[in-house]
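[1] Coordinates for the following, if possible.
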Amino acid sequence: MGVKEGNGGAGGGVGIMAAEGVVRKVLLAYAYVAIWIFLSFTVIVYNKYILDPKMYNWPFPISLTMIHMAFCSSIAFLLIRVLRLVEPPSSPSMTRDLYVASVVPIGALYSLSLWFSNSAYIYLSVSFIQMLKALMPVAVYSIGVLLNKESYKSSSMLNMLSISFGVAIAAYGEARFDAWGVTLQLGAVAFEATRLVLIQILLTSKGISLNPITSLYYVAPCCFVFLLLPWSFIELPLLRGQAAFRPDLLVFGTNSLCAFALNLAVFLLVGKTSALTMNVAGVVKDWLLIAFSWSVIRDRVTPINLFGYGVAFLGVAYYNHAKLQALKAKETQKKAQQADEEAGKLLGEMKGDRNSNSGS
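    Take a look at the predicted model:
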């Protein structure tokens, strides 16, 4: 009896420790989500503050993006080449041909995405921009189908149409609708979706996995160079005309630091949880931004806005649910395949033992 009680106590202790481990993992996951939401929230509102003519009044989105890229490139170079705290990818090595064929197209799309999305803050409210961003799954799926990375399914297309329909209703009810701003934001969504698909095609398929530091080390300088040409023709002449303007180093320094920290938070969230978790957290962040935009910035949010985004939100929620089910099915199939392989090996060993016994 005494032995049984001892075993029961040990089993209970193991159970408590396992439960504490699960709770700790859940709390850490929530912490990663909270950090990412806070930094993403901060960068969006900060960029809006700098670019909006009614706030800080520095409407130069290309220049702001180039400041971010220069800052991120410098920090990444310092960490990799000077301090050697981060190792660049070594398998396979980043050759010149691989850089030109893979990183350059991704860098070009990233620069266009950042340029267009930052430009949209000059013309549109934060809340409406978040509503338009709900079209990202539609763009990623559509481009994936075009480039043969996704299989066409009628149910998936119906889901994409429901999201698009909800965003269209939200746009119809937008009080501060600006056609040029909408065009810029839709262009940003299209470029970003193409970039995400190309990362799978050009990098992941070659076995290259970049953490945020190495990504910035390779991609940020490329983005800076691509932005030089439009900046020279569009914003440089205007900046020369503002000789009296002296940029606030505290504002632009902390803004760039937040942008750099956001890249680290993305890696932390995806690395410690999953990309799907980030998608779900993104929906929560969008609702928080809409509430903040309405209550603090005093952007007008109409009932039609909310109804339309609600429809789009349901579509995005279903999209994330479908992705989760597909991941679970893939994981189950993988486990079943491993079990079959182990069973095959066991049968092979048993046959070998039988043959050796009959031979003796």
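
[2] ok, and for stretch 294-304, which residues are buried?
    Neighbour-count burial for stretch 294-304, counted by 16 or more other C-beta atoms under 10 Å, picks out 294, 297, 299, 301. Every residue, glycine included, has its C-beta placed from N, CA and C.

[3] what's the most distant pair in the residues you listed?
    The most widely separated members of those, counting by C-beta to C-beta, are Ile297 and Val301 (10.4 Å).

[4] Can you tell me which of the buried residues of stretch 294-304 is nearest Ile35?
    Using C-beta to C-beta, these come closest to Ile35 at Ile297, 22.8 Å.

[5] what's the neighbour count on the residue nearest to that closest one when sequence neighbours are not counted?
    Of all residues not flanking Ile297 in the chain, Val126 sits nearest, at 6.4 Å (C-beta to C-beta, 6 or more residues apart in numbering). The number of residues packed near Val126 is 22, by other C-beta atoms under 10 Å.

[6] wait, doesn't Val126 sit right on Lys48?
    Yes: look at Val126 against Lys48 with C-beta atoms under 8 Å: they come within range, at 5.4 Å.

[7] Mind listing the shared neighbours of the two?
    When contacts are counted by C-beta atoms under 8 Å, 6 or more residues apart in numbering, the set common to Val126 and Lys48 consists of Ile297.

[8] In terms of helices and strands, where is Val219?
    Secondary-structure element containing Val219, defined by DSSP states H and E: helix 212-234.

[9] Now do the buried residues in stretch 319-336.
    319-320, 323.

[10] Just the C-alphas of it, formatted as PDB.
    Extracted in PDB, the C-alpha atoms of stretch 319-336 (Å, rounded to 0.1, in the frame of the first residue of the first chain):
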ATOM      1  CA  TYR A 319      -9.700  31.100 -44.100                       C
ATOM      2  CA  ASN A 320      -7.500  30.700 -41.000                       C
ATOM      3  CA  HIS A 321      -9.700  27.800 -39.800                       C
ATOM      4  CA  ALA A 322      -9.300  26.000 -43.100                       C
ATOM      5  CA  LYS A 323      -5.500  26.500 -42.900                       C
ATOM      6  CA  LEU A 324      -5.500  25.100 -39.400                       C
ATOM      7  CA  GLN A 325      -7.500  22.000 -40.500                       C
ATOM      8  CA  ALA A 326      -5.100  21.500 -43.400                       C
ATOM      9  CA  LEU A 327      -2.100  21.700 -41.100                       C
ATOM     10  CA  LYS A 328      -3.700  19.200 -38.700                       C
ATOM     11  CA  ALA A 329      -4.500  16.800 -41.600                       C
ATOM     12  CA  LYS A 330      -0.900  17.100 -42.900                       C
ATOM     13  CA  GLU A 331       0.500  16.400 -39.500                       C
ATOM     14  CA  THR A 332      -1.800  13.400 -39.000                       C
ATOM     15  CA  GLN A 333      -0.700  12.000 -42.400                       C
ATOM     16  CA  LYS A 334       2.900  12.500 -41.600                       C
ATOM     17  CA  LYS A 335       2.500  10.600 -38.300                       C
ATOM     18  CA  ALA A 336       0.700   7.800 -40.000                       C
END
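
[11] Where does Val311 sit, in terms of helix or strand?
    Using DSSP H and E, Val311 falls in helix 303-359.

[12] Please name every helix or strand in contact with that helix.
    For helix 303-359, the packing partners by 3 or more C-beta pairs under 8 Å, 6 or more residues apart in numbering; DSSP states H and E come out as helix 126-132, helix 136-146, helix 154-172, helix 275-295.

[13] Out of the ones you listed, indicate the one that is most buried.
    Mean neighbour count (mean count of other C-beta atoms under 10 Å) peaks for helix 126-132 among the helices and strands packed on helix 303-359, with a mean of 25.

[14] State the mean pLDDT of that one.
    The average pLDDT for helix 126-132 rounds to 92.

[15] And for stretch 225-243?
    Across stretch 225-243, pLDDT averages out at 89.
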